[in-house]
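Participant: here's a sequence, model it:
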Amino acid sequence: MNLRRLAVAVPLVATGALGLASAPAPAATPAASPGPAEGLFGTQDPTYDGVWRQSLSLVALDAAGRKLPVKAVDWLVGQQCADGSFAPYRAKPAADCGPKDQVDTNQTGAAIQAFAAIGGHRAESEKALSWLKSAQNEDGGWGYTAGSPSDANSTSVVLGALRALGVKPADVTKGGKSAEDALLSLALKCDAKQSPGKAGSAFAFQPEKNGTLVANADATAAAVTAGYGAGFVVAAPHEERGGSVACATPRTAREAARNGAVWLGGVLGENGAVTTALPGAKPKPDPGNTADTAVALAAAGMPEEARKAVDWLRSEGPAWAGKTGPAAWSQLILAAHATGADPADFVGRDLPAKLAATGPGGKTVAGETVRAKDSGTSDSSDSSGKDEKKKDDGGGSSPWWFVGVGLAAGAGIGFLLSSRNKKNAAR
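Facilitator: This next block holds a predicted model:
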């Protein structure tokens with residue numbers, strides 16, 4: 001899953017090399033960081049990832065079968081702008097959205113997926129979808145903000161949002177092209193030089209300035225999940241998908257996703273972790289990218305490889321999530337869910353309970369948390385919300401995706417949300 005960035009992100013490549021589309025400016029520290037808001041998951045500064053982590057938390061709790069805090073749902077609803085878009089965080093949601101509220105496609109696409117998980121809220125979802133359509137690029141894809149160049153992560157998040165609403169990607173086009181066309185254009189050729197140089201073929205985050213594509217593990221995980229028609233939530237595969245593992249020139253986004261999944265399988269180290277590195281730092285295992293990769297491999301019908309990644313997360317994931325916050329707990333839940341593991345018994349830890357403890361009220365008691373549709377907080381004009389989702393997502397694979405999440409609050413979360421947002425806000 002990815003995190004937030006405005007125009008340019010730092011693409012992390014699995015071998016520890018960085019595929020830099022351009023070098024972002026150093027991260028800027030906000031002049032004044034708002035305090036935690038009532039109803040919001042986590043106590044970290046929400047300036048760059050509030051809506052993202054809130055949406056991911058609600059989706060993960062729903063996937064785990066837990067009740068959702070009404071205050072958390074209300075907080076998300078209150079963050080929406082009049083035009084349907086979402087900014088990462090608005091300290092005064094009652095005020096009209098203005099130029100300083102830097103709305104983006106990732107927050108908006110994530111919120112749609114959360115509404116689909118909650119049930120109801122069709123009106124809010126339709127408004128958000130309308131805004132996303134207005135921000136679509138001529139190549140059929142989406143950038144982080146309206147008008148910015150398309151990238152694999154943002155396009156994948158929006159694809160997840162479309163499918164969460166039961167909208168066919170082919171029905172949302174610009175210049176005659178869809179989001180799947182945009183993803184296909186970011187797939188490396190089979191004969192391209194790419195790390196780790198094994199089977200398959202990766203995706204790039206964006207083309208380099210000279211037009212070349214550089215393999216990117218984060219972007220590949222996002223594109224593979226979206227290419228297989230999934231979003232944030234992937235149902236555990238019941239059987240392995242057959243077919244050749246040889247790289248073949250793709251004609252569709254799904255075929256490119258197959259190449260990408262095989263490549264991701266080769267990215268996993270012997271210990272099952274994805275290794276990444278930042279400039280000047282030694283490569284090291286990345287829990288966030290590993291969780292995203294596990295979900296992608298599960299979506300592609302590669303359960304053995306996906307479980308290998310989750311097995312590594314059993315030993316390293318909880319400590320990472322404890323330091324990082326709700327988005328990380330959510331990623332662990334979704335990775336466990338995708339591989340058939342029990343999130344409530346993850347090396348003796350109840351991951352959904354850990355996540356819920358970061359939300360409104362901390363450890364909730366009976367009666368304090370209910371699904372929005374049962375509490376009357378959902379859009380009463382659409383009583384079919386939850387049922388529609390169950391039909392449209394093919395029995396449990398309701399979209400994630402993942403853009404899912406990179407560096408937040410100094411720690412790694414698969415999609416580079418808050419990290420990317422900070423870097424771009426400094427530009």
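
Participant: and stretch 97-114, which residues are buried?
Facilitator: 97, 101-114 (16 or more other CB atoms under 10 Å). For glycine as for every other residue, the C-beta is placed from the backbone atoms N, C-alpha and C.

Participant: go on, stretch 286-305?
Facilitator: Judged by neighbour count using 16+ other CB under 10 Å, the buried positions of stretch 286-305 are 286-303, 305.

Participant: ok, Trp52 to Ala273 distance?
Facilitator: 23 Å (CB to CB, to the nearest Å).

Participant: out of the two, which sits in the more crowded spot?
Facilitator: Remark: of Trp52 and Ala273, Trp52 carries more neighbours, 36 against 24, as counted by other CB atoms under 10 Å.

Participant: I'd guessed that one sits against Ala327; true?
Facilitator: Yes. Between Trp52 and Ala327 there is a contact under CB atoms under 8 Å: 6.8 Å.

Participant: shaky segments in the stretch 1-150 of the chain?
Facilitator: Scanning the stretch 1-150 of the chain for pLDDT under 70 picks out 1-36.

Participant: repeat that with 90
Facilitator: 1-38, 94, 99-100 (pLDDT under 90).

Participant: which secondary structure elements does the helix of greatest length in the chain contact?
Facilitator: Using DSSP state H to define each element, the chain has its longest helix at helix 303-324. If contacts are counted by 3 or more CB pairs under 8 Å, 6 or more residues apart in numbering; DSSP states H and E, helix 303-324 sits against helix 287-299, helix 326-338, helix 351-356, strand 411-412.

Participant: now do that helix, average pLDDT.
Facilitator: For helix 303-324, mean pLDDT is 97.

Participant: and it, what's buried?
Facilitator: 303, 305-310, 312-314, 316-318, 320-321, 324.

Participant: now the two most distant members of the residues you listed.
Facilitator: Distance extremes for those: the farthest pair is Pro303 and Thr324 at 26.3 Å, using CB to CB.

Participant: OK, contacts around Pro169?
Facilitator: By CB atoms under 8 Å, 6 or more residues apart in numbering, the residues touching Pro169 are 159, 162-163, 178-180.

Participant: against Lys177, how distant is it?
Facilitator: Going from Pro169 to Lys177 by CB to CB gives 10 Å.

Participant: just the helices in the stretch 1-150 of the chain please.
Facilitator: When assigned using DSSP state H, counting those that start in this stretch, the helices of the stretch 1-150 of the chain occupy the ranges 50-63, 70-78, 105-118, 122-134.

Participant: report the angle between the shortest one and helix 50-63.
Facilitator: Right, the one you point to is helix 70-78. Orientation check (axes from the mean of the first three to the mean of the last three CA atoms, to 10 degrees): helix 70-78 against helix 50-63 gives 130 degrees.

Participant: which other helices and strands does helix 70-78 contact?
Facilitator: Applying 3+ CB pairs under 8 Å, 6+ apart, we find helix 70-78 packed against helix 50-63, helix 105-118, helix 372-375.

Participant: residues of that helix that come out buried?
Facilitator: By 16+ other CB under 10 Å, the buried positions in helix 70-78 come out as 70-77.

Participant: please apply the same query to stretch 271-283.
Facilitator: 272-277.

Participant: who's in contact with Ala87?
Facilitator: Counting by CB under 8 Å, 6+ apart, Ala87 has contacts 51, 79, 81, 97, 101-104, 107.

Participant: do that again at 10 Å, thanks
Facilitator: Shown in contact with Ala87 (CB atoms under 10 Å, 6 or more residues apart in numbering): 47-48, 50-51, 79-81, 93, 97-98, 100-104, 107-108.

Participant: likewise Gly39?
Facilitator: Under the criterion of CB under 10 Å, 6+ apart, the contact list for Gly39 reads 54, 69-79, 359-361.

Participant: looking at the residues you listed, which one is closest to Ala248?
Facilitator: Closest to Ala248, out of all of the contacts of Gly39 and judged by CB to CB, is Gln54, at 40.1 Å.
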